[in-house]
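Return atomic coordinates for the entry below.
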Amino acid sequence: SLAHTNGGTMRVYLVRHGQAAAAVSDSARALTPRGRDEATATASFMKQNRAQADAIWHSPKVRARETAEILRDAGALGGELIEHRGLLPEDDVSDVAIAINAESTDLCVVGHLPHLSYLASALLVGPNANPFAVFNTATVLCIERSGPSRWHLVWFVSPDQLDR
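Numbering: from 1, shown residues only. Below you'll find the model as predicted:
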């Protein structure tokens, strides 16, 4: 695995999709040029910080898949793209939190609001925690744990903070 395996340390990168255009169907909304730029800036930041992932989970929506592709290609994450259930905006986060907790290698998850905010809180604080993280488009939240210990926040960066 390319992922950094540092004595059983695991990282998860939670990323909101980049800015998306209006469309007749919400599922079909594609990234705008700005959304592609945002995702590319986030991918570059992740690459500079040696982010790796064995898998990149994304929702079935076009904007999430396109963001995942940019993270893989521009960020050199190296992971396989997997359309994962339970990542839609209104989905319950508990199943995905359980699935993430069962993983042992670095993982990137590309999704939507409000789901991602609830997911971050579920992992960092516990089930049913109120969301605290505001994910602007293409924002990435990196969390880490060693072995069976709790997750902790490593960094939280939005494209607005990056030079681009």
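
how far away is the residue lying farthest from the centre of the chain from residue 88?
Centroid-distance maximum for the chain: residue 24 at 25.5 Å, with CA atoms, centre = their mean. Relative to residue 88, residue 24 is positioned 18 Å away (criterion: CB to CB, to the nearest Å). No exception for glycine: its C-beta is placed from N, CA and C like everyone else's.

coming back round to it: next up, identify which helix or strand the residue farthest from the centre of the chain is on.
Secondary-structure assignment from DSSP states H and E places residue 24 in no helical or strand segment.

Would you verify that residue 117 is located in a helix?
Yes. Going by DSSP: H, G, I helix; E, B strand; the rest coil, the assignment for residue 117 places it inside a helix.

Leaving out sequence neighbours, find the closest residue to it.
residue 131 (3.4 Å; CB to CB, 6 or more residues apart in numbering).

Pretty sure residue 120 is one of the things the one you found touches, is it not?
Yes. When contacts are counted by CB atoms under 8 Å, residue 131 is listed as touching residue 120 (6.9 Å).

what ranges do the strands span in the protein?
In the chain, the segments counted as strands under DSSP state E are 9-16, 55-58, 80-83, 107-111, 140-146, 152-157.

any idea which of those strands is most buried?
strand 107-111 (a mean of 28; mean count of other CB atoms under 10 Å).

Now tell me what touches the longest helix anywhere in the chain from outside.
As assigned by DSSP state H, the longest helix anywhere in the chain is helix 33-48. Contact partners of helix 33-48, identified using CB atoms under 8 Å, 6 or more residues apart in numbering, comprise 13, 15, 17-21, 31, 63, 66-67, 70-71, 73-77, 137-140, 157, 159, 162, 164.

repeat that for 7 Å
Under the contact criterion CB atoms under 7 Å, 6 or more residues apart in numbering, helix 33-48 has outside partners 13, 15, 18-20, 31, 67, 70-71, 74-76, 137-138, 140, 157, 159, 162, 164.
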